[in-house]
Structures are given as structure tokens and as C-alpha cells.
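**Student:** what's the 3D shape of this:
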Amino acid sequence: VRREDVELYCPSEIPAAAEAYNKALTFESAGDDVSAEQSYREAIDLDPEYCDAMDNLALVLKRAGNYEETISLYQRSISIYPESYTAHLGLANSYAQLEQYDNAIAEFETLLKLYPDDAEGYYGIGNVYFNQEKYEEAIIQFKTAEEIYKTQGSDYIVDAQANIGYSYVLLEDYVAGRDYLEMVFPYFEDDGYTN
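**Tutor:** Residues are numbered from 1 along each chain as shown. Here you go, the predicted structure:
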């Protein structure tokens, strides 16, 4: 998740659940995903409506490759808090990683309805189109993301620009591809694909 202003969507009123959640955060920041998973599960057991614990557990499970439960947790979280940026983005990315592209696009579009000024939905749809080798459609999405990143002063603009460059190259528009890739080359000069 790239969102810098992460907030709690449904903080628990149950002190023991909040304590388990905070322990899980500590474990996760220390790189101990096994203990983090246990503590997030404890928080959810104590408070079955604790959508933030569900979102974080889903991310831990996603890193472990458990996409089935990841998707289930994000869906459950959305049922509790339908406007959850974190859950919609996580669900969309999970679908994309499983190559369930129609589901991914639908979820990114839902994210864009809720957060139309956020670049991640456009960037995500661009990635889906890129993976489907629909490079012209990908460029449109990446350029929208690029403009939003630019207005926000986000460092993620280079990712959008790199993908625009790759898309142009794959469309055999080498001049446009080169122009974009030259812009981002200082950030990717050790990347073989960019080279």
C-alpha cells in the first residue's frame, strides 16, 4: 500500500483487541510475520468487526502467498467499512496478482469511484492492461496516474513514467519510449529491463 496517510477505519473499543493489534504492529515492524499473524488473529477473535486488523492480517498473508484468505479478509473488511481505501486497493492488487484481471479492474474502478483523485486506481488498471499486453490502454491509465502524481509531488511518478516508456517500446514507438525511459533512467540504471 502506498498511501502515506494511513488511518484506522474502525478502531476497536475493546482494549484487549487494541492491545493485540498494537502488538501485531510491533511484531510486523520487526519483521516477525508469524507473531504478527497470531496477534492480528487474536485481535479479530476479540473484535470480529476490527477491519483494520483484517487489512493488516491480509497483507501479512499476502506476503506469505496465501491469496485465498487474503481476498476473503479484504472482502470481509469491506463489508464492515465499505469506503476502506486499504481494503479496496489490497483486494484489487490481490486479484491482479492472481491474474483475475476482470475482478482486479472492477475493484480498481470501485476504488476510483471512492477516491477519484488518487493515482493508485489508474496505476493499477494500467498494470492490468500492461500484463494483458493492451499497451495503448495501459498508457492512458499510466498517464492519468502520472498527472496525479505530478500534482501531488509524489515520488511514485517515476514508476508511472517507466511503465509509459515500457509500453511505448512494446508498441514499437521507440522515440516516445526512449524519451520516457531517459527521464527515469537515473532511478532505474541498475535495472536490466530498463537498460
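**Student:** what is the mean pLDDT for stretch 142-160?
**Tutor:** Across stretch 142-160, the average pLDDT comes to 96.
**Student:** now swap in stretch 113-124 and tell me
**Tutor:** 96.
**Student:** i'd like the first residue to be 65 from this point on
**Tutor:** New numbering, starting at 65: the last item is stretch 177-188.
**Student:** chain center to it: distance?
**Tutor:** Taking the mean of its C-alpha atoms, stretch 177-188 sits 11 Å from the chain's own mean (C-alpha atoms, centre = their mean, to the nearest Å).
**Student:** Report the buried residues of it.
**Tutor:** Across stretch 177-188, burial judged by 16 or more other C-beta atoms under 10 Å covers 179, 182-188. All C-beta atoms are positioned from the backbone trio N, CA, C, and that covers glycine.
**Student:** That stretch: end-to-end distance?
**Tutor:** 14 Å (C-alpha to C-alpha, to the nearest Å).
**Student:** Run through who's touching it.
**Tutor:** Applying C-beta atoms under 8 Å, 6 or more residues apart in numbering, the contact partners of stretch 177-188 are 66-67, 147, 149, 152-153, 156-157, 160, 168, 172-173, 175-176, 205-206, 208-210, 212-213, 216, 218, 220, 223-224.
**Student:** Could you tell me which of the residues you listed belong to helices?
**Tutor:** Among these, the ones falling in helices (DSSP state H) are 149, 152-153, 156-157, 160, 168, 172-173, 175-176, 205-206, 208-210, 212-213, 216, 223-224.
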